[in-house]
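Q: Task: produce atomic coordinates for the following.
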Amino acid sequence: MAARIDHLVTSGTFSLDGGTWDVDNNVWIVGDDEEAIVIDAAHDADAIFTALGGRTLRAIVCTHAHNDHIDAAPALAARTGALIHLHPADLPLWQQTHPGTPPDRELSDGQVLTIAGTDLTVLHTPGHAPGAVSLYAPGLGAVFTGDTLFQGGPGATGRSFSDFPTIINSIRDRLLPLPAPTVVHTGHGNTTTIGEESPHLDEWVKRGH
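A: Below is the predicted model:
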């Protein structure tokens, strides 16, 4: 059976630099009726476990280590036996949320994760966070961008561990060259496409989003 993309929204808080904000997060599940991976285990391990519907969870993949994207990861891992994958450049952020409980596997640029016969290529796309990654699944015509690229522009870069020129370079060099019809599944908010976003790069740069 071909892989598919399932989606749920979980709610909680994002905390960094002494501030806390209420947020809704997208959780993406990629797989078939037998096995799946979870991209960003946010806020509610029980809801994510229920959404798996009895499938074997092969991996928990973190697009980056802001607490709202990883807070439910250890609980989900404990419940399913799945291993947590994170780019090592985000370990300092991870440790703010889960001190003493490191992730299980390192993600690296160009690495390929395979689930239900579908390949997802890891693209290191720093800027929102040093270890931010996107996951490109050409067989699904999709890319999972975490908080690197949203409908309407790049992710926020006004807090610790982030950098605006870096995120612009990541989007320009790693994401916008993908085929225009590629569906962009984001960490928050609505889905978009590469083709819808690519014409706006210059205006993002000018406004220093």
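
Q: shaky segments in this protein?
A: Residue ranges of the chain with pLDDT under 70: 1, 209.

Q: give me that answer again for 90
A: Low-confidence segments of the chain, defined by pLDDT under 90: 1-2, 207-209.

Q: now do the same end-to-end measure for stretch 72-89.
A: 20 Å (C-alpha to C-alpha, to the nearest Å).

Q: That one: which residues count as buried?
A: By neighbour count on 16 or more other C-beta atoms under 10 Å, the buried set for stretch 72-89 is 72, 73, 74, 76, 77, 80, 82, 84, 85, 86, 87, 89. Where you see a C-beta, it was placed from the backbone N, CA and C, and this is true even at glycine.

Q: Out of those, which is nearest to residue 55?
A: residue 80 (9.5 Å; C-beta to C-beta).

Q: That closest one against residue 46, yeah?
A: No. The criterion here is C-beta atoms under 8 Å, and residue 80 misses it with residue 46 at 11.9 Å.

Q: secondary structure class for residue 202?
A: Secondary structure, DSSP: H, G, I helix; E, B strand; the rest coil: residue 202 is helix.

Q: Over to residue 22?
A: Look at residue 22: counting by three-state DSSP, its state is strand.

Q: Now for it: which residues touch it?
A: Applying C-beta atoms under 8 Å, 6 or more residues apart in numbering, we find residue 22 in contact with 11, 12, 13.

Q: Repeat the analysis, applying 10 Å as the threshold.
A: Taking C-beta atoms under 10 Å, 6 or more residues apart in numbering, we find residue 22 in contact with 11, 12, 13, 14, 68.

Q: Same check on residue 69?
A: Taking C-beta under 10 Å, 6+ apart as the test, what residue 69 contacts is 14, 23, 25-27, 39-43, 62-63, 86, 90, 93, 97, 129, 132, 146-147, 187-188.

Q: try 8 Å this time
A: Per C-beta under 8 Å, 6+ apart, neighbours of residue 69: 25, 40, 41, 42, 62, 63, 146, 147, 187.

Q: mind listing what's buried in stretch 150-159?
A: Across stretch 150-159, burial judged by 16+ other C-beta under 10 Å covers 150, 153, 154, 155, 156, 157.

Q: Quick check: phi and psi at the fourth one.
A: Dihedral angles phi and psi of residue 155 (degrees, to the nearest 10) take the values phi -70, psi 170.

Q: can I assume it is in contact with residue 125?
A: No. Taking contacts as C-beta under 8 Å, residue 155 lies outside contact range of residue 125: 9.6 Å.

Q: Mutual contacts of these two, please.
A: 146, 148, 149, 167.
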